[in-house]
Every structure is written in structure tokens, then in C-alpha cells.
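# My questions are about this predicted structure, shown below with the sequence.
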2 protein chains.
Amino acid sequence: LENLASALAGVVGGDQVFAEAEIGDRYRIDFTRKYASRPAFLVRPATAEEVAGVVKVAAERGVPVTVVGGQTSTVGGAVPADGGIALSLERMNRIMEIDPVSMTMTVDAGCLLQNVQDAAEGAGMLLPLDLGSRGSATIGGVIGTNAGGNRVLRWGMTRDMVIGLEAVLADGSIVSSLTKMLKDNAGYNWKHLLIGSEGTLGVVVRAVLRLRPLPTSRQTALLAINTFEECALILRRLEQAMSGRLSSFELMWEEFYTRMTEGQLPDRPRPLPLGHAYYALVEAMGCDRESDEAQFERALEELLGEGLVQNAVIAQSDREREALWAVREDMMRGIETMRPLAGYDISMSLSDMPAFVEMARSNITAVYPHAKITFYGHAGDGNLHALVGVGAIDAQIVHQLDTCVFDAVRAVNGSISAEHGIGTSRAPFMSWSRTPEELRLMQLLKNALDPGNILNRGKMLDAWAAAGKPG
Amino acid sequence: LENLASALAGVVGGDQVFAEAEIGDRYRIDFTRKYASRPAFLVRPATAEEVAGVVKVAAERGVPVTVVGGQTSTVGGAVPADGGIALSLERMNRIMEIDPVSMTMTVDAGCLLQNVQDAAEGAGMLLPLDLGSRGSATIGGVIGTNAGGNRVLRWGMTRDMVIGLEAVLADGSIVSSLTKMLKDNAGYNWKHLLIGSEGTLGVVVRAVLRLRPLPTSRQTALLAINTFEECALILRRLEQAMSGRLSSFELMWEEFYTRMTEGQLPDRPRPLPLGHAYYALVEAMGCDRESDEAQFERALEELLGEGLVQNAVIAQSDREREALWAVREDMMRGIETMRPLAGYDISMSLSDMPAFVEMARSNITAVYPHAKITFYGHAGDGNLHALVGVGAIDAQIVHQLDTCVFDAVRAVNGSISAEHGIGTSRAPFMSWSRTPEELRLMQLLKNALDPGNILNRGKMLDAWAAAGKPG
């Protein structure tokens, strides 16, 4: 250990190496507080070269290295390995360049997402990636996990916004392609392999992000709908009517809507009456306010006129818009009565969603007849969230519920993780959405890129192997 | 050979194995007619399992396998290896499903792009990928090369349209993820590694493609512009004004425009007078004709009013639209006087384009003072095409011109191949746009996935190694 400490100090300086007892909780416990660990050292490099030096030291000794960012993983993907090195890039937090001609920004991996969003907006552009944890999540983290969010329908996931990337591989080499080009077919696209690999194939240190014109208008509405088939049709009709401006289509099943609007504050009444099977929060953005608003209203009027939409409310102010979004997002208030609960982030073909929901419900209630189950999510992207409360929670209950939900996911050829990744908690179920051949290919890539298995050891494929590779 | 023939016949049936003498030119000579080869066998499997069987037979014997599609590669990437197996997927050409709810289609790799486009349109949806070779290029080919085209600005490249993929790896295993999900973070995204790998990492056999709402309106205009800075500003202003509807921004340097409009047919007059440094062909698509047209005209009027655009013509009919596009695309007429010529497909940051053009011109004229040089391309994506004619052409001249152009590309940190790939002809210059660490990583991936080097042997990294890995 002493030898390791001095080797690390040789790379980053003694004042940036912290021994186990000195490591703060925020580096070793994640925000769910379900995952915690005891890394031997915390190291805070200042440059890509220092990161490479740390990885080399670790590789020589076979010591695991885990990048610690905002610790906002919901699946136990972010806490360091016991006895390993926690690598914090918090000192690498520069916004290096904003280029209004190429519409790109070049940023360090340690930047907070919110700061990057704000800087883009300050320069009159939009970084479309947005998620609830924007104030803690780092750029390295959102790239490492290919984060999604509320606007994937229009602008894609994180990988769709990463134009250039610089990363440190397990052998300590720095692969760098910090270009600003939308098109580059000069060889294999290694960038996409690292994005979403949850820190198991390389350490992201810098990125060039694609920016978009900053929208100047925003239309938000809540719709009441009676059948899922109508939901899907309305989604497609709105995409068409809005010529690509539709940025969110968030679907709430009746039970979710009911819970989220129960006991509303006096100044925040329930926006639409109960009694419909679905509620959809839709949002479009554009740069031509008058025409955008007219288009949005016309589209909704048509859907109402045809009887596809049963009822609708359009936000008339930012305050009203926030109130509508709170119905979808203000989890802390809305689902209190369901706690303790298990949450899921799954995806499937839109056409399979009703069958999935029915199957998942029936699987769960067969085991827990009184379970409280509710569904909501980014339906426009095929991404569903599910919350299940059965009055108590422990590892066995979680495993039972996981099996109920993921069995239904498997039956519709869906994904056990739409945007949250595999981490630790989803690992036992990897073979529910991946074939043996796919898993073999993933393991082959991991072995090739990280033969010593030092990068984020214990997560994803490792955790799957540890769970006995079930399936 | 006889042993190989009977092994192949055992997989696909004797009537689908053709010996060297029976193999038609379209399988072994590409459309440039610069690349030709003598494969030992042509094999035409009917299923993914047969493809896997063929690859296994080849792997056991160390015989190279090259998928032969439309042979539309411009860089010598598509002709089979001498003495190897040419694998044609022409019998695998089913459009398996069009799903209007998920807005996806599932197709065999042997389908022609045009047929897939037509089928999507027949179902009321758009496959945005479009390129000149649509009538010959196959789906496997456009995925293998990550093809681009005229609408990347809005809808991305081929990889952005591939949701699900099925491929045969070099060990004969079939990796299949024919899902319809926009979001899937369950493990490494191996799909993106295969897309654009030019058939060197796997054989694409099927794909699920993302469709979009079919636009019902289209606005096209040609603009005359005086400076490059104004071009860039106009691009960004139009993207903003059109709220994401801008689908093409094709830039033509004066010399290109002049050549392309010389000796126009009487019924096709030059759309705008000569004398401006740049001409931009811009196009937007939408689903709300009246409002789309008004928005487009308003945006152009503003740019004209501010003096950013010097002159403009808006197409008033499909016939006029075709005439405008012909100025950009009807190469056969427009550049006759420059032949023989060398062509380039490069990309760079938009802000670096003027410096690149100046440098490339100066590099070329230093060697060939009377060279005819012209630039045009998908500037909205940072993708430039260059044509150079020096009166004669041979391998030495091509190499000299390549060096002049790619030296300038390297100076601006650009890509030697924006959308055409590496193939054979670009391979000696891979290190002009890739670092040694990137190339090492690519070779590592190739070795891991295809240790016997049987897939499209002789192309990309192989050809780079054969050229002595210069740089």
C-alpha cells in the first residue's frame, strides 16, 4: 500500500492522494445510499496525462480504478471497488472552448452537466441533454453511462451529442479525437464503444459536444387519453404536425397521475380531472414563437376534434409549465404513499408496451396480490419507468420483483436498462435482454481492452459473472 | 480448392457456389472500374445461418471473405480479395416488417436502399438516408460504410438510423439485437462498432431502421453569398429560423458553380448570375406546407434584407427544385472539362474550412501551377468535396495530389474520409487523421474480433499496414 501511495503521489503529487480514512462519503457512497465501499485511495489528477499515469500505476499492480463522479447512478454503477483507487476528475472541470461557428463545446469530464448547459445557453446555444441530476452529474458520468432524459425523442441520447472524445485506456494510453466533425469515417468508431461502457473500457477525460440553436419558444400541454393505441397514434400525429419540433412525450398511467396529483397544494390544482387511462405531457420547442404556438394549438384542436384526445390543458406561462412538469417529476411528493419501493427503467417497442404492462402487473400480483404498481416514462422513446411498492423491501423482495418485471421485459424482447445502465443491480439480468453471443462479444471486447480487469472492476459483466451468469 | 468448394456447397447448396470462371464482373469490379479482383468463389447464402456457415468454413481454412454489395465504393473498399470468397447477400433481400407504431422497418442486408426508401414511403414514412447510388447500394453496404448523404445535417448518418442489428462475426457466431428500441443501455453498444467497419469486423445480415414522419412540404432555394463567414452565419441563422427543419445546406465555391452552370440547356438557364464567391443550395422539409413556406420565405427575406444573402431564387415547382439540385449533383455534365480528375471527401470543423481550402489550393498549385481545383459539399455537416484536374492521371499523380490535400486536412485536424470510408485508396493516409494510439486501438479491436483476419482482408488497417504505416 505504501508503495502504491508513493507511486500515485509521484504522478499527481502527494497532496492529491488521500488514504482510506481521509476519503469523504461523497466519493464512496452513492445517492441511493444502497451502495458504499472502502477504496484504498482517492486520487485527484489535474490532466489527462496524470490520469494516464494513475492508470498505468494501477495496471502494473493490478489494482482496480473507478472514476467517481456525481454518484448519481441508480443501479450501483458508480461506487469504487473495495481496496481500489477512486479517481476523481473534479479538478478537471474546465469549459475549454465554445465554438459558435461549429456549434460545439469542448469540456473536461469533471464539469457538472448543469454548468455546461448554462455555459452553452450563455453563448446562445442549447445542449439538449437534460436530466434531474444535472446539478451533480458530471460530463464524464453522462458519457460513461450514455445518459438519456426527457428530450431523447428529438435530440437523442448522450452518444448523439458527443462529437469528439478523449479517453485513457487500461494500458495508460490516451486516445484522443477531439474533433468537431459531424462526419468522420476514417476507421472504427471507438468513441461509441466507450460511450455507455460505464467506465469499464476507458476513462473519459474530455469531450467535444454538439450544440443546437437555442429554442426561443416552448409549448407544453397535458392531454387526457383513453387507450394506449390512441396514445401511440397521438404521438405520431404530433411528431408529424410539429415537423420534428416535438421534444417530449411523457406518458403517465392513470394510477401514477392520480398519486402525483393527490393532495395538491392549493395554488397548484390538479390540471385535468381523474378518470382517464393515460395522461401525456407533451412539449415542443422552436424558434418562431407565434407560428410555433399556432401550430401546437392547431394540432391539439384537431386531436380533440377527432376525439383522440379527451381533454387538454396548455400551459399559458412558465409557472403553469412548471406545474405541469411537476406532475411528472416531483417524485418526492407524489409517491410517498408507495414507499418503500423498487424502481425500474426499461424499454421496448412502443407496440409492445400494453402487453408488457399487463404481463408485469400479472407477474407481480401473482406473488404480491396487494402490490402498488405504477407506470410512467418517456414513452416517445419506448422508455418506461415502473414503481412497485409491496409494503416492505429487502434483497429477496427486490430479487422477486426484479424477476417479475424482467421476465415481462424478456417476453417482449425489451431492454432491462433503457438509460440507467447495468452497474451492479441489473447485472444478474443481463441475459434477459442480451443473447449469449452478445454477452460473449462484450466479454471479448472487455478482455481485449482491459485484460487486467482494472477499470470499474465488479460492475456490469463482472457483476454478471459474479451472479453466476444466470439465464 | 475442391475441398473448399464442397464445404461451401455443404452450407448453401451446390447451385449457390460459383467458381472463379463463372463469377460475373459485377461481383469483382467496382463502379469506379479502378478496382478489380479474382475471388476463388462466389457464394450466395439465403439466411443468416448460411452466412454463419460460410464464415465458419472460411475461418477454419483461413480464407478471406468479402461481402459484395452494390460495388459503389469510391475508395476501393468493396472488391473481394484475390483467391477469397465473395459473399453476395442478394438473395437476402426481404423487407421483413414495417411497424408504423414503433416507426421502424426490419430489412435484410441485401435489400437495395431505393427499395427500402420506397417501401417506407409507401407506408407513409421516411427513411432519411439518401445518396446518389441509392439504386445500387445495399442496406448492408450503407451500414458497413456508415453512409452519409445530403440530409445528415438534420437526420444524421446511417448509424443514427440503425436501431437494431444482426451480424455474423468472424468466428461464425450470429450476434443479434433486432430490437426497435431507441434506448438500450444494457451493456456495450457493439452495434456502433460494426457500423462503418467496412465489413472488417462482421457481416451485417439484418437491421431495424428508424423511420420518420414523411414530410409533406419541401422548400428549396439557391443563395448567392460573398464571404465564407457569411455562409456559416447564414447556415446557423437558417437552422435557428427553421426550428430544426433545415435538411440540406450544400455549399458550392464559385468555380464549381460556374462549371456546373456552363452551357446550360436552353430550358434550364443558370439560376443565379455568376460573380459571387459562394452559392448555397438550402432545403427544408416539414409537414405543414403553408406555414413552412411562409417561414422559409420570411427567413430568406430577412437574410436578403440584412445584406447577408446577395441574391436568392426559391424553387416554385418540383421541376425548378430538380433544376436547382442538378446544379449541385449533375456531375456528368458539369465537370467534363476537368477530367481526368481526382476526387476527395473530407471533413473538418466549419470554422477551419476557409483555411483548409486556401492551404489545399496552395499545396496543389505549388506542384501543379495550372491545376483546376474546385470545392463543394455538404458544408452544413463540415463535409467538403474537392475535385482536382491536372490534365493527366496516374498512380504517382494521384499520390502527389492526395498528399497535397491530406496534408491540408491534417493541418486543420480534419478527417481524410468524411463519409466514403478508408477502403484501399485512403489507407496510406490513415495516420493523417488518426493518432498512433487510435490506430493501435483499432488494430487491437480487429485482432480481437477477427484474429484470422478473414473479413474483407486487404482493406482499411490491412491496407494501411501494407502501405508501410506511413506518417
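Arrived safely, thanks for sending. Only a predicted model underlies this, so the values are computations on that prediction, with no experimental measurement involved.

# pretty sure A:Ala40 is touching A:Ile85, no?
Yes: with contacts counted by Cβ atoms under 8 Å, A:Ala40 reaches A:Ile85, the gap being 6.9 Å. From N, CA and C alone the C-beta is placed, and that goes for glycine too.

# where do the contact lists of the two overlap?
By the contact definition Cβ atoms under 8 Å, 6 or more residues apart in numbering or on different chains, A:Ala40 and A:Ile85 are jointly contacted by A:Val63.

# Can you mark which positions in the helix or strand bottoming out on mean pLDDT in chain A are buried?
Counting by mean pLDDT, DSSP states H and E, chain A has its least confident helix or strand at helix A:331-334, which shows a mean of 78. Along helix A:331-334, these residues count as buried under the neighbour rule (16 or more other Cβ atoms under 10 Å in any protein chain shown): A:331, A:334.

# just the helices in the stretch 1-150 of chain A please.
Read by DSSP state H, counting those that start in this stretch, the stretch 1-150 of chain A holds these helices, from start to end of the chain: A:2-12, A:25-28, A:48-61, A:113-122, A:139-144.

# next structured bit after the last one?
Spelled out, that is helix A:139-144. Next helix or strand after helix A:139-144 toward the C-terminus (DSSP states H and E): helix A:152-155.

# So which residues on the stretch 301-450 of chain A come close to chain B?
Proximity of the stretch 301-450 of chain A to chain B is confined to A:347-351, A:378, A:381-383, A:413-422, A:426, A:430, A:433-435, A:437-442, A:444-449 under the rule Cβ under 8 Å from any Cβ of the partner chain.

# Just the ones of these in helices?
A:430, A:433, A:437-442, A:444-449 (DSSP state H).

# Out of those residues, which comes closest to chain B?
Out of those, the one with the shortest distance to chain B is A:Ala448. That distance is 3.7 Å, counting by Cβ to the nearest Cβ.

# Give me the pLDDT value at that closest one.
According to the prediction, A:Ala448 has pLDDT 98.

# The closest residue to it other than its chain neighbours: how many residues sit nearby?
Counting by Cβ to Cβ, 6 or more residues apart in numbering or on different chains, B:Ala448 is the residue found nearest to A:Ala448 once chain neighbours are left out, at 3.7 Å. Using other Cβ atoms under 10 Å in any protein chain shown, the number of residues around B:Ala448 comes to 17.

# Over to A:Pro271?
When counting by other Cβ under 10 Å, one arrives at 22 neighbours for A:Pro271.

# Kindly provide the distance from it to chain B.
Counting by Cβ to the nearest Cβ, to the nearest Å, the gap from A:Pro271 to chain B is 26 Å.

# Point out where chain A drops to low pLDDT.
For chain A, the stretches with pLDDT under 70 are A:264-267, A:470-471.

# Tell me which residue lies nearest the centroid of it.
Centre of chain A computed as the mean C-alpha position; nearest residue by Cα atoms, centre = their mean is A:Ala147, 3.4 Å away.

# So that residue versus B:Gly144, what's the distance?
Distance, A:Ala147 to B:Gly144, by Cβ to Cβ, to the nearest Å: 29 Å.

# Also A:Arg333?
Spatial separation of A:Arg333 from B:Gly144 under the definition Cβ to Cβ is 51 Å.

# quick revisit: will you turn the helices of the stretch 1-150 of chain A into JSON lines that also has distance to chain B and mean neighbour count?
JSON lines is the format used below for the helices of the stretch 1-150 of chain A (distance: least, Cβ to the nearest Cβ, whole Å; neighbours: other Cβ atoms under 10 Å in any protein chain shown):
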{"stretch": "helix A:2-12", "distance to chain B": "19", "mean neighbour count": "16"}
{"stretch": "helix A:25-28", "distance to chain B": "24", "mean neighbour count": "17"}
{"stretch": "helix A:48-61", "distance to chain B": "10", "mean neighbour count": "21"}
{"stretch": "helix A:113-122", "distance to chain B": "14", "mean neighbour count": "18"}
{"stretch": "helix A:139-144", "distance to chain B": "11", "mean neighbour count": "29"}
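
# got those as CSV, with distance to B:Val367 columns?
Written out in CSV, the entries for the helices of the stretch 1-150 of chain A read as follows (distance: least, Cβ to Cβ, whole Å):
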stretch, distance to B:Val367
helix A:2-12, 47
helix A:25-28, 58
helix A:48-61, 38
helix A:113-122, 43
helix A:139-144, 43
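
# Identify whichever of those lies nearest to B:Ala294.
Evaluated over these, closeness to B:Ala294 peaks at helix A:113-122, with 28.4 Å, by Cβ to Cβ.

# who does the closest one touch, helix- and strand-wise?
When contacts are defined as 3 or more Cβ pairs under 8 Å, 6 or more residues apart in numbering or on different chains; DSSP states H and E, helix A:113-122 sits against strand A:95-99, strand A:104-108, helix A:139-144.

# For the least confident helix or strand of chain A, give me every contacting residue.
Surrounding helix A:331-334, the residues in contact under the criterion Cβ under 8 Å, 6+ apart are A:256, A:259-262, A:327.

# Which among the residues you listed count as buried?
Applying 16+ other Cβ under 10 Å to the contacts of helix A:331-334, the neighbour count classes A:256, A:259-261, A:327 as buried.

# rewinding a little: so between A:Ala40 and A:Ile85, which is more surrounded?
Neighbour count, other Cβ under 10 Å: between A:Ala40 and A:Ile85, A:Ile85 has more, with 26 against 20.

# What parts of the stretch 1-150 of chain A come near chain B?
Residues of the stretch 1-150 of chain A found near chain B, taking Cβ under 8 Å from any Cβ as the criterion, are A:99-104, A:145-146, A:148.

# 10 Å - rerun?
Proximity of the stretch 1-150 of chain A to chain B, by Cβ under 10 Å from any Cβ of the partner chain, involves residues A:75, A:99-104, A:124-125, A:145-148.

# residues in contact with the nearest residue in space to A:Thr258 that is not next to it in sequence?
Counting by Cβ to Cβ, 6+ apart, the nearest residue to A:Thr258 once its immediate chain neighbours are dropped is A:Leu274, at 5.8 Å. With contacts defined as Cβ atoms under 10 Å, 6 or more residues apart in numbering or on different chains, A:Leu274 is in contact with A:224, A:254, A:257-258, A:261-262.

# run the last query once more with 8 Å
A:Leu274 makes contact with A:254, A:257-258, A:261 under the criterion Cβ under 8 Å, 6+ apart.

# how far away is A:Leu169 from chain B?
7 Å.

# next one: A:Asp288
When distance is defined by Cβ to the nearest Cβ, A:Asp288 is 6 Å away from chain B.

# Give me the neighbour count for A:Thr74.
For A:Thr74, which is what you asked about, the neighbour count (other Cβ under 10 Å) is 22.

# Check A:Ala395 too.
Using other Cβ under 10 Å, the number of residues around A:Ala395 comes to 7.
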